[in-house]
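# Take this sequence and fold it.
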Amino acid sequence: MTDDLVREMLQFQQHTQQLQQLMSDMRNHMPRRSEGTDAQGAVTVQLGADGLPEAIKVASDWQRRQAPEMMGPAVVEAFGSAMSDRMERWSRAVQQSDWEARTEQFDRDIPATFTGGAAAASPPQMPERDLRYVLPRPLDEVAEDMLAALDSVDALDTDGSDRVEATGLSSGRKVALTVTKGALLSCEIDPQWASAQSSVRLNQALAEALKSAHAKLREAESARESGPTGPHLDGLFDEALAILKNPQHYAD
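Coordinates of the predicted model:
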């Protein structure tokens, strides 16, 4: 039973590597830059390669186009327009590639990866890793950590509320931007303050809030990367491989 668990972990690793390659290829088709405006043309948002706003620009005649209390929603609307442009261009690029066929093949391979029976009779090819300095712990401890790692990965996949968010503020705290990975969630601009500001001052405040939001999001994501999908999971794979290569030695 423990051998089956170890092999399932190795199959899971191969499956994950294939998925990561597919996702990497998909990201390579993403436009490096996209742009959109709100319906009134008061705000223009430029997206970077990661899908986050790279720049937010207010038109010089924004007072004629939008009311001060609508400038925050206008920023979000411009982001949505830029995201639509990004996705349309990405969709066209994907359609011209072989990504769809590769995805279908990947889906067909999933049942054979995680079902027992036939899959167990044809174990996956062991990846080549340097195991000279790997000293596995007792088999029951490795198996327990494997189960915990799989549960943690499942939780990350199913818990949609677990996303990281960050809010950046301008120096005067009159503008607040909330972002998550690949998206602008909200923009709040003090309407009373905005009504007396030129486009230059609004652009400066938006740039300050955007820079702050980017920095805080990077910090939050770095703190989260200490989970089981990082070096800890790689170490478990190495222990599992060492055990499989010499199961009798580590059986006790």
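# Is residue 51 in a helix, a strand, or coil?
Under the three-state scheme (DSSP: H, G, I helix; E, B strand; the rest coil), residue 51 adopts coil.
# For it, give me its contacts.
30, 83, 86, 181, 182, 183 (Cβ atoms under 8 Å, 6 or more residues apart in numbering). C-beta coordinates here come from the backbone N, C-alpha and C atoms, glycine included.
# Contacts for whichever strand or helix holds the third one next, please.
Right, the one you point to is residue 86. Using DSSP states H and E, residue 86 maps to helix 71-95. For helix 71-95, contacts defined as Cβ under 8 Å, 6+ apart pick out 26, 29-31, 34-40, 42-47, 51, 53, 56, 58, 62, 66, 100, 177, 183-184, 186-189, 191, 194, 202, 206.
# got the buried residues for it?
When neighbours are counted by 16 or more other Cβ atoms under 10 Å, the buried residues of helix 71-95 are found to be 71-79, 81-83, 85-86, 90, 94.
# likewise stretch 48-65?
51, 52, 53, 54, 56, 57, 58, 59, 62, 63, 65.
# How about stretch 211-226?
212, 213, 214, 216, 217.
# how about those in CSV, adding secondary structure and pLDDT?
CSV is the format used below for these (DSSP: H, G, I helix; E, B strand; the rest coil; pLDDT from 0 to 100):
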residue, secondary structure, pLDDT
212, helix, 98
213, helix, 98
214, helix, 97
216, helix, 96
217, helix, 95
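# just those now: which is nearest residue 16?
residue 217 (24.4 Å; Cβ to Cβ).
# need the contact list for the closest one.
Residue 217 neighbours (Cβ under 8 Å, 6+ apart): 52, 164, 165, 166, 179, 180, 181.
# mind listing what residue 192 touches?
Contact analysis of residue 192 by Cβ under 8 Å, 6+ apart lists residue 68.
# What distance do you get for it to residue 68?
As judged by Cβ to Cβ, to the nearest Å, residue 192 and residue 68 stand 7 Å apart.
# now the contacts of residue 51 as CSV including distance to residue 240 and pLDDT?
Below are the contacts of residue 51 laid out as CSV (distance: Cβ to Cβ, whole Å; pLDDT from 0 to 100):
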residue, distance to residue 240, pLDDT
30, 35, 74
83, 41, 93
86, 40, 88
181, 30, 92
182, 33, 91
183, 37, 95
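# could those residues go into a markdown table alongside distance to residue 221?
Converted to a markdown table, those look like this (distance: Cβ to Cβ, whole Å):
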| residue | distance to residue 221 |
| --- | --- |
| 30 | 18 |
| 83 | 20 |
| 86 | 21 |
| 181 | 7 |
| 182 | 11 |
| 183 | 13 |
